[in-house]
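Undergrad: fold the following for me, if possible:
(chains A and B)
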Amino acid sequence: MGARPDEVVFTGPLAPAAQAVVAGLALGRRRVGRLVVTSTVEHSAVLAAAEAYGEHVAVGVDRVGRLDLDAWTEAVGRPGVALACLQVANHEVGTLQPYAAAAQACRAAGVPLVLDATTVLGRIDTTDLGGWSVLLGWAGAYGGPASIGFTVVRRGTRWRAPFPADDHQQGRWPGVVDVPAVWSAVAALDAVMTSRDVVGDRQRALVDRLRREVALRVPDVDLAGDPVGRVPHLLTFSALYVDGETLTLELDRAGFAVASGSACSASSEHPSHVLAAMGALTHGNVRLGVSRTTTGAEVDAFLDVLPGLVTEIRGRLGAA
Amino acid sequence: MSAPGDAAGDSVDLFLDCTGLRCPRPIIEIARRIGDVGVGGLVELLADDPATTPDLAAWCRMRGQELVSSAAPRFVVRRLR
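TA: Have a look, this model is predicted:
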């Protein structure tokens, strides 16, 4: 990850880790100001931390979910910015952000950048992600234990513990380190990095095929995210006049486990903030993750059942 | 609150009350009924599901219709095709 060993802190899942990073930088830079700059499509844990510990400035994205760099540069250049936070790639639609240029803008403005690498660890080369001050990662995103995350804090970063510090990890994360869990998090990362290019090429080809065929076989479907500048394994699309909950249940019955960012399937009553920020359709949404072992035959089987299920659900809703 | 039929300062040709309907039903409703007004006509939609704001905009983009105004829970669409 391009980090020195003493810069690595073993934390927990993304939500508490993001809270500690945002709160700690806001504390360390409170004399500078209270503004916390993020994109509109960050993980909800990051957005919640930005709202909780500072004055949140959200920078918009385009139709594929890519950051508006000019607006970002303007925002981080304002007086009173405590920190900025940006994903390397989006967790719902997979679009890669212009993280190196965004980091350059932060460096020029003297603003520490938190780079959220959760979606890309083990999937792209992360040894040279540019001029970040803090890097966030989570083992659960690449097949490791969900209890372990890591935060890399560059030397010289003005971060202060936002909690009563103890003797563990130089006061940067409270409590005893769960060594066996950290060991398996690192072993899992080693494993995915070893086979990264081979697996990534195969996943990229499968997602390319899914993207092309879903558009051809299902009428009125809105494909989300950048078709090229993306992580290899994700595809998100929304089918008009379909509710996401029914579609995910029917796909599950057919043997396919998929997620949905539709409000009607999630616990929240609000639609996906990522899809809404991109101007994408939020209902009838399916987020497909191609795993390390997904085969071409499984992709074919999915493509065979999907059009019929969509037609049937549309008929049920009176939208046929 | 303005009465149905005078949204955006124009008289609307069709008023659809989808209050209480969950996504995607308000969108299905306007798709089924927009053909009831002539090309250039206005449809006013009242819908309180929070997904209506992004989804009506996406529907207009996908189906080539014009979103005249979007101020939840009140929306106005012009039929273009």
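
Undergrad: and the strands in the chain?
TA: Defaulting to chain A. Shown for chain A, the strands assigned by DSSP state E span residues A:8-11, A:35-39, A:55-59, A:81-87, A:113-116, A:134-138, A:149-153, A:221-224, A:234-239, A:285-289.

Undergrad: hmm, I had chain B in mind actually
TA: B:14-17, B:42-46, B:66-71, B:74-78.

Undergrad: roughly how far apart are residue A:117 and residue A:231?
TA: Distance, residue A:117 to residue A:231, by Cβ to Cβ, to the nearest Å: 11 Å. (Each C-beta comes from the backbone N, C-alpha and C, glycine too.)

Undergrad: check residue A:290 too.
TA: Going from residue A:290 to residue A:231 by Cβ to Cβ gives 10 Å.

Undergrad: which one's more surrounded, these two?
TA: With neighbours defined as other Cβ atoms under 10 Å in any protein chain shown, residue A:290 and residue A:231 compare such that residue A:231 has more, 24 against 21.

Undergrad: break chain A down into its domains, please.
TA: A:5-193, A:196-316 (automatic domain parsing).

Undergrad: save the ones you listed as CSV, and put in distance to residue B:49 and mean pLDDT too.
TA: CSV is the format used below for the domains of chain A (distance: least, Cβ to Cβ, whole Å; pLDDT from 0 to 100):
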stretch, distance to residue B:49, mean pLDDT
domain A:5-193, 20, 96
domain A:196-316, 8, 93
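
Undergrad: among those, which is nearest residue B:48?
TA: Proximity to residue B:48 (Cβ to Cβ) singles out domain A:196-316 among the domains of chain A, at 10.8 Å.

Undergrad: what's the first-to-last distance across that closest one?
TA: Length of domain A:196-316, first residue to last, Cα to Cα, to the nearest Å: 43 Å.

Undergrad: so what's the nearest residue in space to residue A:164 that is not next to it in sequence up against?
TA: Leaving aside its sequence neighbours, residue A:164 sits nearest to residue A:174 (Cβ to Cβ, 6 or more residues apart in numbering or on different chains; 7.4 Å). Residue A:174 makes contacts with A:163-166, A:168, as judged by Cβ atoms under 8 Å, 6 or more residues apart in numbering or on different chains.

Undergrad: so which of the residues you listed comes closest to residue A:245?
TA: Nearest to residue A:245 among the contacts of residue A:174, counting by Cβ to Cβ, is residue A:163 at 38.1 Å.

Undergrad: how near is the closest residue to the closest one other than its chain neighbours to residue A:7?
TA: Ranked by Cβ to Cβ, 6+ apart and with sequence neighbours excluded, the top spatial neighbour of residue A:163 is residue A:174, at 5.8 Å. Distance of residue A:174 to residue A:7, given as Cβ to Cβ: 18 Å.

Undergrad: what of residue B:26?
TA: For residue B:26, the distance to residue A:7 (Cβ to Cβ) stands at 50 Å.

Undergrad: for residue A:309, grab the count of nearby residues.
TA: The tally of other residues near residue A:309 (other Cβ under 10 Å) stands at 20.

Undergrad: low-confidence stretches in chain B?
TA: Flagging of chain B using pLDDT under 70 yields the residue ranges B:1-10.

Undergrad: please report how far the most centrally placed residue in chain A lies from chain B.
TA: In chain A, the residue lying closest to the centroid (Cα atoms, centre = their mean) is residue A:91, at 2.8 Å. Between residue A:91 and chain B the distance is 18 Å, computed by Cβ to the nearest Cβ, to the nearest Å.

Undergrad: what score does residue A:1 have for pLDDT?
TA: Residue A:1 carries a pLDDT value of 79.

Undergrad: state the distance from it to chain B.
TA: 35 Å.

Undergrad: list the contacts for the residue lying closest to that residue once chain neighbours are set aside?
TA: Distances taken as Cβ to Cβ, 6+ apart put residue A:126 closest to residue A:1, at 5.4 Å, once the chain neighbours are dropped. Applying Cβ under 8 Å, 6+ apart to residue A:126 gives the contacts A:1-2, A:88, A:117, A:120.

Undergrad: what's the closest of the residues you listed to chain B?
TA: residue A:88 (24.9 Å; Cβ to the nearest Cβ).

Undergrad: phi, psi of that closest one?
TA: Dihedral angles of residue A:88 (phi, psi; degrees, to the nearest 10) stand at phi -70, psi -40.

Undergrad: wait, what's in contact with the most centrally placed residue in chain B?
TA: Centroid check for chain B by Cα atoms, centre = their mean gives residue B:45 as the closest residue, at 3.8 Å. Listed by Cβ under 8 Å, 6+ apart, the contact partners of residue B:45 are B:16, B:18, B:26, B:29-30, B:52, B:56, B:74-77.

Undergrad: the residue nearest to the centre of chain A against residue A:118, yeah?
TA: Yes: contact criterion Cβ atoms under 8 Å: residue A:91 and residue A:118 qualify, at 6.6 Å.
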